[in-house]
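Peer 1: coords below, sequence missing:
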């Protein structure tokens with residue numbers, strides 16, 4: 001008796017994979033940086049105060065109780081985005097990817113607010129330059145990439161000869 005199974009007739013589009021891998025890599029790098037800072041190290045800054053001013057534009061703690069939850073959030077986001085790019089993880093991966101897109105968009109828009117003076121930020125120091133040249137454009141670009149992943153349709157499959165379809169008798 002001949003049976004059929006479900007196989008993909010389409011591969012995941014290369015653009016979708018590139019967007020997903022790039023976004024996941026960014027989030028993973030951010031998560032790893034937060035894990036590194038949780039050890040008490042402050043690279044690339046000389047001390048915690050300089051790191052805080054460069055990254056956030058204000059003085060705040062980089063203690064493990066602060067940065068470990070941020071590391072967890074970004075690493076979970078990276079895994080979900082990568083899963084979504086590979087058409088895995090279902091609704092959970094899609095919802096987390098949507099949250100990633102929203103979070104990056106909010107940070108990017110806040111960066112624009114700081115850039116035009118709607119939000120307070122130090123007028124001098126590294127934060128202003130880093131915000132304009134790096135943080136804001138990267139957040140906006142990757143917010144767009146994550147949003148594209150959320151909107152990407154699922155791949156479809158058709159039965160292949162020789163194997164049973166899941167949930168159906170042979």
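Peer 2: It's in. For clarity, every value in this text was computed on a predicted model and none was experimentally measured.
Peer 1: list the contacts for the closest residue to residue 152 other than its chain neighbours?
Peer 2: Distances taken as CB to CB, 6 or more residues apart in numbering place residue 16 nearest to residue 152, at 5.4 Å, with adjacent residues excluded. For every residue, glycine as well, the C-beta is placed using N, CA and C. Applying CB atoms under 8 Å, 6 or more residues apart in numbering, we find residue 16 in contact with 85, 148, 149, 152.
Peer 1: tell me which element residue 16 falls in.
Peer 2: helix 14-38 (DSSP states H and E).
Peer 1: can you pull the buried residues of that helix?
Peer 2: Using 16 or more other CB atoms under 10 Å as the test for burial, helix 14-38 gives 16-17, 19-20, 23-24, 26-28, 30-31, 33-35, 37-38.
Peer 1: Using pLDDT, spot the least trustworthy of the contacts of residue 16.
Peer 2: pLDDT across the contacts of residue 16 is lowest for residue 152, at 91.
Peer 1: Can you give me the neighbour number for that one?
Peer 2: Neighbour count for residue 152, taken as other CB atoms under 10 Å: 19.
Peer 1: which phi and psi does it have?
Peer 2: Dihedral pair for residue 152: phi -60, psi 130, per degrees, to the nearest 10.
Peer 1: List the buried residues of the lengthiest helix in the chain.
Peer 2: Looking across the chain with DSSP state H, the single longest helix is helix 90-116. Buried residues in helix 90-116, counting neighbours by 16+ other CB under 10 Å, are found at 93-94, 96-101, 103-105, 107-112, 114.
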